[in-house]
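**Student:** Turn this into a model:
(one chain, ligands or ions: 2)
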Amino acid sequence: MRSKKPTPAPQMTDRLFATERNPEDFRFDASVARVFPDMIRRSVPGYTTIIPMIEVITEQYVQPGSHCYDLGCSLGASTLAMRHGIPHTDCTLVGVDNSSAMIERCEHYVALDDHELPVTLRCEDILTTELSRASVTTLNFTLQFVPPEKRKDLLARIADATLPGGVLILSEKIRFESDSEQNTQTQLHHEFKRANGYSDLEISQKRAAIENIMIPETLNTHKQRLLDTGFNQVLVWYQCFNFVSMLAIKNS
Ligand SMILES: Nc1ncnc2c1ncn2[C@@H]1O[C@H](C[S@+](CC[C@H]([NH3+])C(=O)[O-])CC(=O)[O-])[C@@H](O)[C@H]1O
Ligand SMILES: O=C(O)C(=O)Cc1ccccc1
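**Tutor:** Numbers count the residues shown, from 1 in each chain. Ligands and ions are numbered 1, 2, ... in the order given. Purely as a prediction, here's the structure:
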């Protein structure tokens, strides 16, 4: 019997906050998973640049026989970028997300991606998922959803599991120490969203929905904690407004 070739999911537009709704915390449920590629591309400045660079960075730091992790993989955009950057057949690539709606759709995207390196998907909490012998780990806009008091333990577990010479790619929405810079960069982010077709109502309702569950920290807080938890060098390789991506490197 011929195996059935998966067909691409239809590209859905994010209208989740377009009409007035009751204030309720944002959740990564089926309605978000359905529109997620559109939502993240139109909401996160630089996302479409960061994804292909994750492939470049992975290729530079992946080690033969090691494990690579994408923590908070959603639909697998960063997972597949990592996959394309891994030339070794003896590596394992693991994507982890605790949203079953995301993991179910992610399986479909992985199946559509014609590549020989297997991808293991785990529907698990990144705070407890097993990590070992890691050369490249990615947290692409995931740590911001972890309660702040749990972030240090998670980063320490990642650093402990990282091989000498291994890295963590950490992308985050940040906040700024100066109120004036915070206001200007937030304004610019909102302008980016407006330029991508979001209305003022969509922007303000989404802002209220993520306020309690997505908690940005300053760049200094991120850098210092990465150094405290066992990484030896931290650099910012990308920034657009209040969205940054860092590379934390463990000495070889
Ligand atoms: N404790 C947790 N355990 C597991 N998953 C979690 C947890 N907390 C949040 N998540 C998951 O982290 C993901 C964050 S989105 C990542 C984008 C992706 N990296 C991308 O490159 O497209 C970023 C965003 O939406 O801004 C969601 O799928 C959550 O279910
Ligand atoms: O939409 C926003 O305003 C954001 O800050 C980014 C975002 C993207 C996807 C889910 C939650 C937040």
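**Student:** for this structure, what's the longest helix?
**Tutor:** helix 179-195 (DSSP state H).
**Student:** helix or strand right after that helix?
**Tutor:** Sequence order places helix 200-210 as the next helix or strand after helix 179-195, per DSSP states H and E.
**Student:** is that next one anywhere near ligand 2?
**Tutor:** Yes. Applying C-beta under 6 Å from any ligand atom, one finds that helix 200-210 is in contact with ligand 2 at 206, 210. Quick note: C-beta positions are derived from backbone N, CA and C, even for glycine.
**Student:** List the buried residues for that helix?
**Tutor:** 202, 203, 205, 206, 209, 210 (16 or more other C-beta atoms under 10 Å).
**Student:** Show me what counts as buried in stretch 72-89.
**Tutor:** 72-86.
**Student:** Kindly report the same for stretch 169-177.
**Tutor:** By 16+ other C-beta under 10 Å, the buried positions in stretch 169-177 come out as 169, 170, 171, 172, 173, 174, 175, 176.
**Student:** Stretch 51-67 now?
**Tutor:** Within stretch 51-67, the residues scored as buried using 16+ other C-beta under 10 Å are 51, 53, 54, 55, 57, 58, 61, 62, 63, 66, 67.
**Student:** hmm, it in reach of ligand 2?
**Tutor:** No. Judged by C-beta under 6 Å from any ligand atom, stretch 51-67 makes no contact with ligand 2; its nearest approach is 13.9 Å.
**Student:** need the residues of the stretch 51-200 of the chain near ligand 1, please.
**Tutor:** By C-beta under 6 Å from any ligand atom, the residues of the stretch 51-200 of the chain that approach ligand 1 are 72-74, 77-78, 96-99, 102, 125-127, 140-142, 145-146.
**Student:** Mind checking which of those are in helices?
**Tutor:** 77, 78, 102.
**Student:** Report the distance from stretch 174-191 to the chain centre.
**Tutor:** 21 Å (C-alpha atoms, centre = their mean, to the nearest Å).
**Student:** Over to stretch 186-203?
**Tutor:** On the basis of C-alpha atoms, centre = their mean, stretch 186-203 sits 21 Å off its chain's mean C-alpha point.
**Student:** ok, and what's touching that stretch?
**Tutor:** With contacts defined as C-beta atoms under 8 Å, 6 or more residues apart in numbering, stretch 186-203 is touched by 17, 18, 19, 20, 41, 42, 43, 45, 206, 241, 242, 243.
**Student:** Could you do stretch 39-46 as well?
**Tutor:** 14, 16, 32, 47-48, 74, 77, 141, 173, 189, 192-193, 196-198, 206, 238-241, 243, 245.
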